[in-house]
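Engineer: The amino acid sequence is not available; the structure is as follows:
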């Protein structure tokens, strides 16, 4: 109650049907007594207005825009640098003009007068966050489709990526093809936007295709492995480098590596995995379904092949001499 502004950054988990559970946000708002509340948790359009009406409180919505695991400093330390493009930060304030202006003044005290910001309605700000993540998910998925096309046509997807990334209208980020997106944001937000569209009788066909393509992409590497071994991988022993959905995090939510593990184990393969951060979370989730190595080179011992599933920096530039001492087959699926 001694604070002037409370910032709510609690989870909004996804239910089985794709809808978003906002009960934790509501519980926090009911528990705090500050004059002004800012919600930064991702919530469906209409949530903030509904909470304002239900509670009679002054609430603004300002979506979180910092990518998970990317930044070398803690979350709160980014705010003194809102114009520094290394952090690519700007702030969106949604709500009544008086409330968003008051919230903006709090941020300016820390960030300075030059911070980049947008003031708009709550519903616009809420939809902005879903649009932002859904577009990035679509961009990733589009490049995975292009990678499939390049593979079949004999073209170099990396050169295609470099080429279109040089077009300022497109930009270089989120163009690396891979084994699909995962994590806590893109899957949840894509599904939530599809669910919200269904509720107003709009068929969001592009996003439904993105979701379908991404699900298939997570199994694409398994299909390559099966083809290499003539559809017989029973008893094969694979080293797996990478478990997190992306580097610099221990987050395994919707991680493609888990889907790869599930399919390979189902086909009778054995797996020894290593990840710099995520092994504890995987052990909690799937236990002894697979084995775990103390380092990336130990994982290679007695392995028939190596699978690289997360682009950690240490996996980009491994010690090949160390690899040679324990990895005789030299087969890599990346």
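Structural biologist: Okay, I see it. Just so you know, these numbers come straight off a predicted model, no measurement behind them.
Engineer: Following the chain past the longest helix along the chain, name the next helix or strand.
Structural biologist: Longest helix in the chain by number of residues, with DSSP state H as the criterion: helix 122-153. Next in sequence after helix 122-153, counting helices and strands by DSSP states H and E, comes helix 157-165.
Engineer: relative to helix 122-153, how tilted is the following helix or strand past that following helix?
Structural biologist: Later in the chain than helix 157-165, the nearest helix or strand by DSSP H and E is helix 186-199. Interaxial angle of helix 186-199 relative to helix 122-153 (axes from the mean of the first three to the mean of the last three Cα atoms, to 10 degrees): 120 degrees.
Engineer: same for helix 186-199, what does it pack against?
Structural biologist: The contact analysis (3 or more Cβ pairs under 8 Å, 6 or more residues apart in numbering; DSSP states H and E) places helix 186-199 against helix 122-153, helix 205-217. Any C-beta I mention is one placed from the backbone N, CA and C, and that applies to glycine too.
Engineer: what residues are up against residue 271?
Structural biologist: Contacts for residue 271 (Cβ atoms under 8 Å, 6 or more residues apart in numbering) come out as 237, 238, 239, 240, 261, 264, 265, 290, 291.
Engineer: which ones among those are found in strands?
Structural biologist: Among the contacts of residue 271, the ones falling in strands (DSSP state E) are 237, 238, 239, 240, 291.
Engineer: which residues touch the strand or helix carrying residue 227?
Structural biologist: Taking DSSP H and E as the definition, residue 227 sits inside helix 220-228. Contacts of helix 220-228 from elsewhere in the structure, counted by Cβ under 8 Å, 6+ apart, are 144, 148, 179-180, 233, 238, 260, 263-264, 267, 305, 307, 309, 331, 333.
Engineer: which regions of the chain lie under the pLDDT threshold?
Structural biologist: Within the chain, the segments meeting pLDDT under 70 span 1, 66-89, 111-114.
Engineer: at 50 instead, please
Structural biologist: Along the chain, segments meeting pLDDT under 50 span 70-88.
Engineer: follow-up on the earlier one: looking at the ones in strands among the contacts of residue 271, which one is closest to residue 203?
Structural biologist: residue 240 (38.1 Å; Cβ to Cβ).
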